[in-house]
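Visitor: Build the 3D model from these lines:
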Amino acid sequence: MDLEGRDPFELIDEIEKVLNLPCFTMTWPIGQGARFKGVYDLSLKRIRLFTPGLKTLKFEQEFINDLNDAALPEKIDEGLIQILKDDLELLMGAGHDFNSERFLSGHLSPVFFGSAVKNFGIQELLDAFLKFAPAPTGRPAEERNVEACEADLTGVVFKIQANMDPKHRDRTAFVRICSGVFNEGMSVYHVREDREFKINNAIQFLSHERKNIDQAYAGDIIGIRDRNNLMIGDTITQGESLKFTGIPQFSPDLFCRVDLRNPIKSKQLHKGLEQLAEEGTSQIFRRKNNTESILGVVGQLQFEVVKFRLLNEYGADALFEPLNYGVSRWFYAKDKKDLTAFHDYYESHIVYDVRGYPLILFRNEWERDYVANNNPKMLFYASLFAYEQALKE
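Guide: Residues are numbered from 1 along each chain as shown. Reported below is the predicted structural model:
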């Protein structure tokens, strides 16, 4: 709001119309651009004054608790004070009332105004988050539902990020604590690999800052420095064999063959493709008895992101050659003879992901339907989770 922008009422009206989501105003701006003077907190009924040019890191700011305070005109022009009073009257009469149940169910959104660059108005958002956000809830696993109040530690890896510190080529696995308490240096059970390992130097992030953490509780997120052992969807426990659900992975729609302008960088290319695929934004596939790398994504922009990061983080200047496929599916048959026959007939259309699972590529949806109709004993899956469930049956 310290820069010129659209009228706040117009912004709220657009959110409500485009997203079909009613809004409840938590803070309201007083002026904008060069005339921006602060925000009014509708819940605490007070003004937080804005000081131009000051980046408020310690939140040592001035408050005025009464719109009729005699000292207020010394801080804010009387014209802006009257506009604020008129706006508040309109918000009170025509705005939506806050309702905790509607907010928690996703049918009402609070709105805050401020300046992210100057870190102004952010404290109100954080305070409201602490006040209204729900406590950690249970999380479903294939075996049972894990409640947040349970004593034993459980966690799920939901994100992998490579090269957060490019100088050290690090790799960080982000883990959501689902139950119990994490303590620095404790040993945990990695369910997928059926082994224990010790977590040292766990970290937490706040914007671009990171710090080591000694304890974490259900609902917290910690970063674990990892060397290609953890994957998205992995579960850690204190010994129980669990697999948390709810992290989907879908079959790609776009494919490219990846090659190098400079063959000397082959090692960097393969390392980069593997690490970026582990982050979940792309998937790597290879054909049987073939070493070429095929990259699959669900959106064209992901190709550009991978290409940029390969060049800037790994020094691999890659060529992306589009392949004439637009649909893909994992496939399975209960009878191994049917599965083998399908493999043999469609071998030129089949690639394999990093887990060794077969994926068949189709040029379009018509071809997919044609193949499915001519092979009624075959089962096709767009979701990796559904495919893995079929393998277990």
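
Visitor: From now on I want contacts and neighbour counts done on CA atoms only, so please keep to that.
Guide: OK.

Visitor: Give me the three-state assignment for residue 354.
Guide: Here residue 354 takes the coil state, with states given by DSSP: H, G, I helix; E, B strand; the rest coil.

Visitor: Need the distance between the two termini of stretch 233-248.
Guide: Stretch 233-248 has its terminal residues 9 Å apart, counting by Cα to Cα, to the nearest Å.

Visitor: buried residues in that stretch?
Guide: 233, 234, 235, 236, 237, 238, 239, 242, 243, 244, 245 (16 or more other Cα atoms under 10 Å).

Visitor: start to end distance for stretch 52-72?
Guide: Its start and end residues considered, stretch 52-72 measures 17 Å (Cα to Cα).

Visitor: mind giving me the domain ranges of this protein?
Guide: In the assignment given by automatic domain parsing, the structural domains of the chain cover 8-132, 139-237, 254-392.

Visitor: returning to what we had before: residue 380: which of the buried residues of stretch 233-248 is nearest?
Guide: Residue 380 lies nearest to residue 245 out of the buried residues of stretch 233-248, by Cα to Cα, at 20.2 Å.

Visitor: Could you find the closest non-adjacent residue to the closest one?
Guide: The shortest distance from residue 245 to any residue other than its chain neighbours is 5.3 Å, reached at residue 141 (Cα to Cα, 6 or more residues apart in numbering).

Visitor: rewinding a little: so for the buried residues of stretch 233-248, which is the shakiest by pLDDT?
Guide: Lowest-confidence member of those: residue 245, scoring 83 (pLDDT).

Visitor: quick one: that residue from residue 62, how far?
Guide: Taking Cα to Cα as the measure, residue 245 falls 47 Å from residue 62.

Visitor: repeat for residue 135
Guide: The spacing between residue 135 and residue 62, counted by Cα to Cα, is 32 Å.

Visitor: just residue 242 next, same as before
Guide: Distance, residue 242 to residue 62, by Cα to Cα: 51 Å.

Visitor: Please apply the same query to residue 33.
Guide: In this structure, residue 33 lies at 19 Å from residue 62, with Cα to Cα as the measure.

Visitor: Likewise for residue 227?
Guide: Relative to residue 62, and taking Cα to Cα, residue 227 is found at 48 Å.

Visitor: for stretch 114-129, which positions count as buried?
Guide: Within stretch 114-129, the residues scored as buried using 16+ other Cα under 10 Å are 114, 115, 118, 120, 121, 122, 124, 125.

Visitor: With respect to residue 324, which of those residues is nearest?
Guide: For the buried residues of stretch 114-129, the closest approach to residue 324 (Cα to Cα) belongs to residue 115, at 46.3 Å.

Visitor: ok, now which ones touch residue 198?
Guide: In this structure, residue 198 makes contact with 185, 186, 187, 188, judged by Cα atoms under 8 Å, 6 or more residues apart in numbering.

Visitor: Near the last one, how many other residues are there?
Guide: Read it as residue 188. The burial count assigned to residue 188 is 20, neighbours taken as other Cα atoms under 10 Å.

Visitor: next one: the second one
Guide: Each residue near residue 186 was counted by other Cα under 10 Å, and the total is 11.

Visitor: Equivalent analysis for the first one, please.
Guide: The local packing count at residue 185 equals 14, with neighbours defined by other Cα under 10 Å.

Visitor: Hmm, residue 197 and it touching each other?
Guide: No. Residue 185 sits out of contact with residue 197 when judged by Cα atoms under 8 Å, with a separation of 9.7 Å.

Visitor: Residue 357 versus residue 142, what's the distance?
Guide: Residue 142 is 21 Å from residue 357, by Cα to Cα.

Visitor: Okay, now the unreliable bits of the stretch 201-350 of the chain?
Guide: 207 (pLDDT under 70).

Visitor: What are the boundaries of the helices in it?
Guide: Counting by DSSP state H, counting those that start in this stretch, residue ranges of the helices within the stretch 201-350 of the chain are 266-278, 300-314, 336-345.

Visitor: so what does the second one touch, helix or strand wise?
Guide: What it means is helix 300-314. helix 266-278, strand 318-322 (3 or more Cα pairs under 8 Å, 6 or more residues apart in numbering; DSSP states H and E).

Visitor: mind listing what's buried in that helix?
Guide: 303, 306, 307, 308, 309, 310, 314.

Visitor: Which single one of these is nearest to residue 373?
Guide: Checking the buried residues of helix 300-314 against residue 373 by Cα to Cα gives residue 303 as the nearest, at 32.2 Å.

Visitor: pretty sure the closest one is touching residue 294, no?
Guide: No. Contact status for residue 303 versus residue 294: not in contact, 11.5 Å apart, counting by Cα under 8 Å.

Visitor: can you map out the helices along the stretch 1-150 of the chain?
Guide: Counting by DSSP H, counting those that start in this stretch, the stretch 1-150 of the chain has these helices, from start to end: 8-18, 72-75, 78-94, 100-104, 122-132.

Visitor: Now render these as CSV, adding mean pLDDT and distance to residue 375.
Guide: CSV is the format used below for those (pLDDT from 0 to 100; distance: least, Cα to Cα, whole Å):
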stretch, mean pLDDT, distance to residue 375
helix 8-18, 91, 43
helix 72-75, 84, 76
helix 78-94, 88, 60
helix 100-104, 88, 46
helix 122-132, 86, 52
